[in-house]
Every structure is written in C-alpha cells, then in structure tokens.
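1. pasting the sequence and the predicted coordinates here, then a few questions.
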There are 2 protein chains.
Amino acid sequence: MKRDRVEEIAELLDKRGKLTLEQLDDYFPHVSQMTLRRDLFQLEQEGRIIRVRGGAMSVKEVQKVSGEPYTKKTTIHTDEKIKIAQKAARLVDENTSLFIDGGTTAMYLAKELPDINVHIFTNGLAVAIELAQKKNVHLTVLGGQVMKDNLSTASPVAKSYFDNTNFELAIISASAFTPENGFSCASQIEADLLKMTRRKAKSMYMMLDSSKIGKIMPYTFARLEDIDVLITDDNFPADLKEKFTSRNIVVM
Amino acid sequence: MKRDRVEEIAELLDKRGKLTLEQLDDYFPHVSQMTLRRDLFQLEQEGRIIRVRGGAMSVKEVQKVSGEPYTKKTTIHTDEKIKIAQKAARLVDENTSLFIDGGTTAMYLAKELPDINVHIFTNGLAVAIELAQKKNVHLTVLGGQVMKDNLSTASPVAKSYFDNTNFELAIISASAFTPENGFSCASQIEADLLKMTRRKAKSMYMMLDSSKIGKIMPYTFARLEDIDVLITDDNFPADLKEKFTSRNIVVM
DNA sequence: TTCTATATGTAAGATTCTAACACACTTTCA
DNA sequence: TGAAAGTGTGTTAGAATCTTACATATAGAA
C-alpha cells in the first residue's frame, strides 16, 4: 500500500531522473502532497533519492556518467516525449531485433523499454548506456564520429555493420517534419544512416512530437509514405493525421 | 575573481560533500548570499554539483553511494588510477591522433585530458561521453557489441575502422600482468581489438596500477616488450621495473 | 574616455518546506 | 472484547528558502 507507492515513486524517479512534486501529484492524485513529501523523505533516508527544491531526483541518475542526464536540454517537451516513448515501448516484441536512433526521444524509449530479450542496434551513446543496464537486452553500438551535441555517432563505415546484421524494425525520430519535405534532420551523415536504416528494416516506426511539425531541417531522410507507424502526442493536427491514415499508416 | 570563488566553492563541496548556504556565507563573508546562489546555479549548470534545499552537494559525494556494476568498479583503487591518468594525460600532444581503450583507468584519463585539438579513437562508451564534453577533441567511437560490465564495445567489424584510419599512439590499460604471461584481459574480442591496436599504433603506452601485477586473465594481448612506456603508481616493484627499463621501456 | 557586458547587492514577493495537530485505521495484548 | 499503541494520512499556518526585478558597481573593449 504505502510501500507500493514508495517503490513506484522510486521507479519513476529512476526512469525520469528528476520529478517535481507537482508531477508526482499528477501520478498519485488520490494522496495528498504531504504524503508524497513523506514518501520522498523516506526514500532519501534510504539513500535512494536526493530531495531537491521542488521535488527529488534519482541517485542513479546522478551516478551516471555526467554526459546526457539532467544537464542537457532534456527538459524541452519532456512530457510529450515520454508519452510517445511509452507508446513506442509497448510496440517492441520479445525475441526481435530492432534499430533505435540516438535522439532524446529515443533516450526515453530506452528508459521505458522493459527488460526483455531483444537485440538492439543504436547509434546513440547515451541510449546505449541506458540500455546496457538491462540484463536481457543484446546491444550493438554503431561506431563512427561522435556528434557532440546529441551524443550520437554516424559514419560511412556504419554500412559494414548493416551488411552483416538484420533487424525487422526501426524506431526512429526526426528533428522536423512537413508533408512536403518529409522527415528531416540536421546532419548529412545522420540522414545517410537513417536512410540506410529505412532500407534495411522491414518496418519503420517514427516517433514525432507535435512541436516538430512545420519545421524543416536541411536533410530529408524519409518521406511521409515511407513509414509504417507514426507515434505522436495528442496535439497532432487532425488534418495531418488524415494524410497518414489515408495511406494506411497507423497514427497513434 | 568570480571564477576563483566558484572553483573554491566546488572544491569545498567536493571535500565536505554538502554545504548549506549559511555555511558558504561563513566562508565568503564579503559577498552576498545572492551571489553565492548564483555561483551554485552556475556550478549546477556545469553538472558539478546538485542544488538541494538549503544549499548544495557535490556530485562526487553522491557518486560515492555506489551500487551499480560500472560505478562500483570505478571506486576501487581510485586514487592510484587518477594519478596514473594524470601522468598519461601529460603525454598527449596537440594535433596528434591516439587510441584510448574503454577501461576505468581510461575513463579517468578522459577526465584529466586537457581540451586540446586531438583526434581520439575509443571503444569505451563512458570514455566517449566524457570526451564529448571537450570542444576541441575530435572523437570517434568504435562500434560493436556492448559489454555491459565495462561499457565498452568490441567487434570483428571494428577492423574496418582501423583500415581507414591512422593514429600514432595508443594508450591502453590491462586487467592483469605477469612477466611470463604479459598483459591480459577478460574477453577474447577485446583482446583481439587491443592486438589490432598494437599493430596499428606507432607507439603504445600502457597504464597499469600495481594492484594488477601478478594476476592472470584468460587472454593475453601484449607481451612485456611490446610496449614503449609503462605508466604506473609508486607501489610498482623495483625488480619488475628493472625488467622494463632493461628493454628500454620507460617506466613512469 | 565612453560604452557595453559582466558581476554584485537589495528587497519584495512567490514558492516550497516543516511542524503541529487531528483523524482514521490496524495491530497488540491484557 | 476493548483499550492502547502504532501507523498512515490530511490540513493548515507559519517558517525557510528561492526567484525575480531592478539598482549599482566594476571590468574590458572600442
């Protein structure tokens, strides 16, 4: 009862890294803020979290190598991205192999993914470190030059990995989308990599939070009709949705 | 001036673990509380401290409360490893390219390395994330299957990277050493990778803390005479040192 | 010098936290 | 069985802390 809630809070914090009391209140609407405070206090005593002004953060989060976590711009549109990641995580079946990209949405996907027996390829360093904590996940990182802004790799040599490996599914995210210009991103070699992915994977799921709609980045790597499933949030425009569904693309 | 104070605060926090704003005020009576708040805010942005209600605490302090597979390992013989890493960092010249492995000692090397213009290849994910924070460092990660215990990668495909790249220097570390069995490590493919490195690099520096002497791991990747410089700590046995120096290997 | 950017100080107002008490429910044990 | 003690929770007022906004000072650049 109480213990369940406390554990749930601890888990949530491990996943999200940091939570405000307000966010916790949304998760547990049936108990008062004071109770949640007391729960946090208890977890702090147990050394599992650190209480900060406004809420608390996971100790594990801090222990992680200081690259991605709470320092970077992971705070932008966090809630939408997490919801999208949760939807995507439910679509991953056991005993399959899939590709995940290195973006921030993918990072949340890595966190939400259950610890099941799958083989995952990724070009994201932070994503890889997150996934490495799951015992049952087989993990391969695509090497290459590191892009420091988003901690992902890309290189022409990555092709040799693809030649020797197979995966059914690719779950990726784009930095921008318009119906005319399709899905685009900021870097040439990243776009090349994603194009390669599209050719290799049997099906392709796209994670796209609605804030990216209407934006255009320099390099298009997929067109509207190239994907099989679009995973987005509630703010996705209805008229745009129609464009996908009319092409038998599932929007969720 | 300001930077000095900020650094001093960071040092204090590393030493004391946690400080309240009131305590900080005692240390710095000539500036206002607001200024100290702003300093803490800045340090938080840099990812070096965590602000908590009432003051702040050092990230390092939090990291001591370990428990994770990777983080656990980093706490053993930390001091020696840091000293070794500092020595190694001084040996890296600007405008060169080098290989660094993915071990914990290499991790410290990554931290100690100045932000100079070099091209670094590594098979360590944690090492890569650390290095990615340095603006002037060009960084390439070797991809492959991820070994979850030490967050490094290795794969036969890594060979294709080596075919297309050059580096003068390799700075690596071993898990074990005896004069008879040479430098050894725990995994086959890691050993293969390091052997490849040895062939590719013009010179090879080995970081070895004295706790690893006398131990034997399954896979030998280099013999005593294969290296050019041995970087170790003060506890390195004198008779063993003789064996290296007599072969013109620098021990430092 | 004069201008601009950075660093600092002050204080009001907002936010978050704690303390204290009240109530419901469970367990203990005479 | 029924008090008594223990645990979990809710509510509030007031305390502690933090942020914002503006004023001032200082350093560096033009």
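-> On my side now, so go ahead.

2. neighbouring contacts of stretch A:209-222?
-> A:77, A:80-81, A:84, A:105, A:174-178, A:181-188, A:190-192, A:194-195, A:198, A:204, A:206, A:232-233, A:235-237, A:240 (C-beta atoms under 8 Å, 6 or more residues apart in numbering or on different chains). Heads up, the C-betas are built off the backbone N, CA and C, glycines and all.

3. give me the buried subset of the residues you listed.
-> Neighbour-count burial (16 or more other C-beta atoms under 10 Å in any protein chain shown) is assigned, among the contacts of stretch A:209-222, to A:77, A:80-81, A:84, A:105, A:174-178, A:182-185, A:187, A:190-192, A:194, A:198, A:204, A:206, A:232-233, A:236, A:240.

4. out of those, which sit inside strands?
-> Of those, the ones assigned to strands by DSSP state E are A:176-178, A:182-185, A:204, A:206.

5. and which of the residues you listed is nearest to DNA strand D?
-> Distances from DNA strand D to these, taken as C-beta to the nearest atom of the strand, are shortest for A:Ala176 (29.4 Å).

6. could you give the bridge partners of that closest one?
-> A:Ser184 (DSSP bridges).

7. quick check: it vs chain B, distance?
-> Separation of A:Ala176 from chain B (C-beta to the nearest C-beta, to the nearest Å): 23 Å.

8. just the pLDDT for that residue.
-> pLDDT recorded at A:Ala176 is 89.

9. distance of it relative to A:Thr220?
-> 9 Å (C-beta to C-beta, to the nearest Å).

10. overlap in contacts of these two?
-> Joint contacts of A:Ala176 and A:Thr220 (C-beta under 8 Å, 6+ apart) are A:183-184.

11. neighbours of the residue nearest to A:Leu125 when sequence neighbours are not counted, just the number please.
-> In this structure, A:Leu125 finds its nearest non-sequential neighbour in A:Leu151, 4.6 Å apart by C-beta to C-beta, 6 or more residues apart in numbering or on different chains. Look at A:Leu151: counted by other C-beta atoms under 10 Å in any protein chain shown, it has 27 neighbours.

12. again with A:Ala56
-> There are 28 residues near A:Ala56, going by other C-beta under 10 Å.

13. so it sits in a strand?
-> Yes: secondary structure of A:Ala56 (DSSP: H, G, I helix; E, B strand; the rest coil): part of a strand.

14. roughly how far apart are it and B:Val6?
-> For A:Ala56 relative to B:Val6 (C-beta to C-beta), the value is 26 Å.

15. quick check: phi and psi at A:Leu136.
-> I think there's a mix-up here, since residue A:136 is Asn and not Leu. Here is the backbone geometry of A:Asn136 (degrees, to the nearest 10): phi -90, psi 0.

16. how many other residues sit next to it?
-> Count around A:Asn136 with other C-beta under 10 Å applied: 10.

17. swap in A:Ala89?
-> A:Ala89 has 17 nearby residues by other C-beta under 10 Å.

18. and what of the one 3 residues further on?
-> By other C-beta under 10 Å, 19 other residues sit near A:Val92.

19. swap in A:Phe121?
-> 26.

20. so which strand or helix has it?
-> In the assignment (DSSP states H and E), A:Phe121 maps to strand A:118-122.

21. list the helices and strands that strand packs on?
-> If contacts are counted by 3 or more C-beta pairs under 8 Å, 6 or more residues apart in numbering or on different chains; DSSP states H and E, strand A:118-122 sits against strand A:97-100, helix A:125-131, strand A:137-141.

22. least confident secondary structure element in chain A?
-> Least confident helix or strand, chain A: helix A:59-63 with a mean of 66, by mean pLDDT, DSSP states H and E.

23. so which bits of the lengthiest helix in chain A are buried?
-> Longest helix of chain A, by residue count under DSSP state H: helix A:2-16. For helix A:2-16, the neighbour count (16+ other C-beta under 10 Å) marks A:5-6, A:9-10, A:12-16 as buried.

24. ok, now stretch A:36-44?
-> A:36, A:39-40, A:42-43.

25. so where's the stretch 51-200 of chain A shaky on pLDDT?
-> Applying pLDDT under 70 to the stretch 51-200 of chain A flags residues A:59-78, A:157-158.

26. residues of it that sit close to DNA strand C?
-> Residues of the stretch 51-200 of chain A found near DNA strand C (C-beta under 7 Å from any atom of the strand) are A:51-55.

27. switch the cut-off to 6 Å
-> A:53-54 (C-beta under 6 Å from any atom of the strand).

28. A:Phe162 versus the residue of the stretch 51-200 of chain A found nearest DNA strand D, what's the distance?
-> At 4.6 Å from DNA strand D, A:Arg53 is the closest residue in the stretch 51-200 of chain A, using C-beta to the nearest atom of the strand. Separation of A:Arg53 from A:Phe162 (C-beta to C-beta) stands at 47 Å.

29. same deal with A:Ala89?
-> 24 Å.

30. A:Leu12 too?
-> Applying C-beta to C-beta to A:Leu12 and A:Phe162 gives a distance of 36 Å.

31. now do A:Val127
-> Counting by C-beta to C-beta, the gap from A:Val127 to A:Phe162 is 18 Å.

32. mind checking which of those two has more residues around it?
-> Neighbours were counted for A:Val127 and for A:Phe162 using other C-beta under 10 Å; A:Val127 has more, 27 against 18.

33. how about the more buried one: what's its closest non-neighbour residue?
-> A:Ala110 (4.8 Å).

34. so what's the one you found up against?
-> A:100, A:122, A:124, A:127, A:130-131.

35. closest to B:Val137 out of these?
-> A:Gly124 (18.9 Å; C-beta to C-beta).

36. for A:Ser211, helix, strand, or coil?
-> Applying three-state DSSP: A:Ser211 is helix.

37. distance from the chain centre to stretch A:124-140, please.
-> 13 Å (C-alpha atoms, centre = their mean, to the nearest Å).

38. mind saving the C-alpha coords of it as PDB?
-> What follows is stretch A:124-140, C-alpha atoms only, in PDB (Å, rounded to 0.1, in the frame of the first residue of the first chain):
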ATOM      1  CA  GLY A 124      23.300   6.800 -29.600                       C
ATOM      2  CA  LEU A 125      25.900   6.700 -26.900                       C
ATOM      3  CA  ALA A 126      23.500   7.800 -24.100                       C
ATOM      4  CA  VAL A 127      20.900   5.400 -25.400                       C
ATOM      5  CA  ALA A 128      23.400   2.600 -25.300                       C
ATOM      6  CA  ILE A 129      24.500   3.300 -21.800                       C
ATOM      7  CA  GLU A 130      20.900   3.300 -20.700                       C
ATOM      8  CA  LEU A 131      20.200   0.000 -22.400                       C
ATOM      9  CA  ALA A 132      23.300  -1.500 -21.100                       C
ATOM     10  CA  GLN A 133      21.700  -1.700 -17.700                       C
ATOM     11  CA  LYS A 134      19.100  -4.100 -18.900                       C
ATOM     12  CA  LYS A 135      20.300  -7.700 -18.500                       C
ATOM     13  CA  ASN A 136      18.300  -9.300 -21.300                       C
ATOM     14  CA  VAL A 137      18.900  -6.800 -24.000                       C
ATOM     15  CA  HIS A 138      21.600  -7.600 -26.500                       C
ATOM     16  CA  LEU A 139      23.200  -4.400 -27.600                       C
ATOM     17  CA  THR A 140      25.300  -3.200 -30.500                       C
END
